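Engineer: Need the 3D shape of this:
(chains A, B, C and D)
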2 protein chains.
Amino acid sequence: MKFESVTIKDIAKVLHLSTSTVSRALRDSYEISEETKKLVVDYAKSVNYRPNPSALNLKKRRSRTLGITISEIANSFFSQIIAGVESVAKEKGYNVIISQTFENFEREQEAVRNLSQSVDGMLISLSSETKSLEHIEELQQRGMPIVFFDRIAKNLEGHKVRSNNHKGAFDATEHLIHNGYKRIAFIGNPDNLAIIKERKRGYDEALEFHQIPHREDYVKYCQHGGLSYEEVEMVMQDLLSLDEPPQAILSCADKITTNCYRYLYKHHIKIPDQMALIGFSNLDLTEFLNPSLSIIQQKAVTMGTQATELLIQQIESKRPVVDYSEIVLEPDFFARDSSKGH
Amino acid sequence: MKFESVTIKDIAKVLHLSTSTVSRALRDSYEISEETKKLVVDYAKSVNYRPNPSALNLKKRRSRTLGITISEIANSFFSQIIAGVESVAKEKGYNVIISQTFENFEREQEAVRNLSQSVDGMLISLSSETKSLEHIEELQQRGMPIVFFDRIAKNLEGHKVRSNNHKGAFDATEHLIHNGYKRIAFIGNPDNLAIIKERKRGYDEALEFHQIPHREDYVKYCQHGGLSYEEVEMVMQDLLSLDEPPQAILSCADKITTNCYRYLYKHHIKIPDQMALIGFSNLDLTEFLNPSLSIIQQKAVTMGTQATELLIQQIESKRPVVDYSEIVLEPDFFARDSSKGH
DNA sequence: TTGTAGGCGTTATCAC
DNA sequence: GTGATAACGCCTACAA
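Structural biologist: Residues are numbered from 1 along each chain as shown, chains lettered A, B, ... in the order given. Just a heads-up that it's a prediction; the model follows:
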């Protein structure tokens, strides 16, 4: 089953013109007479002519396509990011190809390498399991414009758009402390991710500031980013089986937050009385949950639009970009019942 | 800023071979000696050679890209669909380009026409405002494989994957009736959509079956699919200002359901005592809402995978497809507190 | 077993 | 003002 489409050649044949004339007429070149232009344009419209993108790409050595690498689409944070990316991309005439890593390093390498030939530039949020950055560095060195967002690569150059993760975690932890919680656990993705390091630092510093002793057994990392319920379940069991279990949890990813909530619900552990919960999340209805969920919400759509604007700017820049921006977005904090004082 | 990549020509030059030999060696042709093959393949790997997709596409007259047209990405139902689509597409070596219509007819026409040159086939869920189908028919006639899902086009040929909308709405309505509700309102997208007609029919027939009189003023359509809160707000105000307002609502789209919930919450109308609510939704945490939300949940991921499998099958079929399948997925029904009897 | 040449659809360069 | 030609990267008859 093949889709047959009209080409410049077809038009040229019908109108008894050369392909070059048709091409020029369609692009409104000054060299072509108004008469011929009108003839060609009208006919092209009547047969619904559209230039073949592959031919154009081959010729122009660009694809007007952006690649975006994220952990998972079915995650409110990332689907909001994509919404932002798509809106700017479409507006500027770019398509977007999405690659999911499912927090897996090999998949990320694969994705990045595959994308490399199809796109003019890439938006990357690292996977939880990413340890080495060579696959990305190599592309950068060959001139691929890459903008990092959310889970940025600390040690690579390039435009970056991220949240103020330190502040988000610090404020949330402090909020718990103010509400009377002292035994506060931290659950995050693995801390090879800079954002998790930052959030951990925020958590640490809030404890320190309020002279609450650190406890290493209150700090947990989900190697797979809490993608599966089971992963979070194990962490929760660990925490609850401690001699002195925590009274509150700070969760550092959308999936972890919802899976914690699910766990507590399932095991009839009352929130916040038996366990307070506050987490990073971009879900829609958290305020209507029972109890309503306290969240640190990132400006996801904005993150998507800003990152895309920077990327397109870099792609279309005449000279190599040397001066990179790092945009930091302030997260919004919503204190609700799940972290109420007792 | 241009991304320089290695071509077959480069390899040929370095190895003192012709481009055809390199091309054949890379594709493991029987004509090439093992020796040469190894030489070429090893070198290609060492320089990270990837064929240029545009050149391949131009040559093969296909793009190994699928287009999908939906109303909005930031909608749990559609992001689950996309997750399903991506998984099958990636597995079979296809990329996916997403187009959002935001329920607008012109955007849909634009999207479909733009996509037409870039993709080998399309997955389409119609927009709420779509009235004519010429833009789609035209492509079909020129041989573009198109699979309809969710909001299918009743009068066009093609593979179709949808939910059993009639049953979903019938069961939900009957459930409300069993729980003692008689004054039941229906809120949906515009009924030029076949799925809404079907859901309306399910609602109608359940009422009829239980000998509950119809009331036209209980039936409301959101022209823009409830995308904005304000649209749903107006409908709710209409319903509540009736002499005899409804006691329960059946909502027919994810966005409408959540916006109804939001409205009731905001106006301190107790669910279900003052107004029961049940709706089509694929949101994640509905069971933990306060009160927990009764939903009709569609098999979104499956819908995505099945539609994509059909599409790729049609694209890769040697002979024109004449025998179209219509897959009907049974929705899952979760009765919860928001529709409890009083 | 390897090389040469032509073409996929488009645009740019050069001629007329 | 218009037309012929080459080139973008790849593949595939056909030739050698």
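
Engineer: A strand includes residue A:161, no?
Structural biologist: Yes: secondary structure assignment (DSSP: H, G, I helix; E, B strand; the rest coil) places residue A:161 inside a strand.

Engineer: DNA strand C contacts on the stretch 1-150 of chain A?
Structural biologist: Contact residues, the stretch 1-150 of chain A versus DNA strand C (C-beta under 7 Å from any atom of the strand): A:7-9, A:19-20, A:23, A:26-27, A:51-52, A:55-56, A:58-60. In short, each C-beta sits where N, CA and C put it, glycine included.

Engineer: and the two most separated of those residues?
Structural biologist: Largest separation among those by C-beta to C-beta: A:9 and A:60, giving 18.9 Å.

Engineer: Tell me if I'm right that residue A:158 and residue A:326 touch.
Structural biologist: No: between residue A:158 and residue A:326 there is no contact, the gap being 9.4 Å when judged by C-beta atoms under 8 Å.

Engineer: Those two: which is more packed in?
Structural biologist: Set side by side, residue A:158 and residue A:326 show unequal neighbour counts under other C-beta atoms under 10 Å in any protein chain shown, the larger going to residue A:158 at 22 against 11.

Engineer: any weak-confidence spans in the stretch 1-150 of chain A?
Structural biologist: A:1-2 (pLDDT under 70).

Engineer: who's in contact with residue A:281?
Structural biologist: Neighbouring residues of residue A:281 by C-beta atoms under 8 Å, 6 or more residues apart in numbering or on different chains: A:76, A:77, A:254, A:257, A:258, A:293, A:295, A:296, A:297.

Engineer: same question, residue A:40
Structural biologist: Taking C-beta under 8 Å, 6+ apart as the criterion, residue A:40 is in contact with A:11, A:15, A:17, A:21, A:22, A:25, A:26.

Engineer: Report the secondary structure element holding it.
Structural biologist: helix A:34-46 (DSSP states H and E).

Engineer: Heading C-terminal from that helix, find the next helix or strand.
Structural biologist: Proceeding C-terminally, helix A:34-46 gives way to helix A:53-60 as the next helix or strand, assigned by DSSP H and E.

Engineer: which is the next helix or strand following that following helix?
Structural biologist: Remark: after helix A:53-60, the chain's next helix or strand is strand A:65-70, criterion DSSP H and E.

Engineer: how far does the very next helix or strand once past that following strand sit from the chain's center?
Structural biologist: Per DSSP H and E, strand A:65-70 leads on to helix A:76-91 as the next helix or strand towards the C-terminus. Averaging C-alpha positions (C-alpha atoms, centre = their mean, to the nearest Å) puts helix A:76-91 9 Å from its chain's average.

Engineer: tilt between helix A:76-91 and strand A:65-70?
Structural biologist: Counting by axes from the mean of the first three to the mean of the last three C-alpha atoms, to 10 degrees, helix A:76-91 lies at 170 degrees to strand A:65-70.

Engineer: And the next helix or strand past helix A:76-91?
Structural biologist: strand A:95-100.

Engineer: Leaving out the residues flanking it, which one is nearest to whichever residue of chain A sits closest to chain B?
Structural biologist: Chain B sits closest to residue A:290 of chain A, with a gap of 2.9 Å, by C-beta to the nearest C-beta. Spatial nearest neighbour of residue A:290, excluding adjacent residues (C-beta to C-beta, 6 or more residues apart in numbering or on different chains): residue B:290 at 2.9 Å.

Engineer: Could you pull up the residues touching residue A:172?
Structural biologist: Contacts of residue A:172 (C-beta under 8 Å, 6+ apart): A:202, A:250, A:278, A:294, A:296, A:333, A:339.

Engineer: Same question for residue A:108.
Structural biologist: Counting by C-beta under 8 Å, 6+ apart, residue A:108 makes contact with A:69, A:101, A:126, A:127, A:129, A:130, A:135.

Engineer: same question for stretch A:304-321, mean pLDDT?
Structural biologist: Confidence over stretch A:304-321 (mean pLDDT, whole number) is 93.

Engineer: what about residue A:328, which helix or strand?
Structural biologist: Assigning secondary structure by DSSP H and E places residue A:328 in strand A:326-329.

Engineer: Provide the contact partners of whichever helix or strand comes after that strand at residue level.
Structural biologist: The C-terminal neighbour of strand A:326-329 among helices and strands, as given by DSSP H and E, is strand A:332-334. With contact meaning C-beta under 8 Å, 6+ apart, strand A:332-334 is reached by A:168, A:171, A:172, A:175, A:286, A:287, A:294, A:295, A:296, A:297, A:299.

Engineer: Just give me the neighbour total for the second one.
Structural biologist: The one in question is residue A:171. As a burial measure, the neighbour count of residue A:171 was computed by other C-beta under 10 Å and equals 18.

Engineer: From the contacts of strand A:332-334, list just the buried residues.
Structural biologist: Buried members of the contacts of strand A:332-334, scored by 16 or more other C-beta atoms under 10 Å in any protein chain shown, are A:168, A:171, A:172, A:175, A:286, A:287, A:294, A:295, A:296, A:297, A:299.

Engineer: hang on, the last one packs against residue A:329?
Structural biologist: Yes: using C-beta under 8 Å as the test, residue A:299 is close enough to residue A:329 to be in contact (4.5 Å).

Engineer: With DNA strand D as the reference, measure out to the residue of chain A closest to chain B.
Structural biologist: For residue A:290, the distance to DNA strand D under the criterion C-beta to the nearest atom of the strand, to the nearest Å works out to 57 Å.

Engineer: Correct me if wrong: that residue contacts residue B:293.
Structural biologist: No: counting by C-beta under 8 Å, residue A:290 does not reach residue B:293; the two are 10.7 Å apart.
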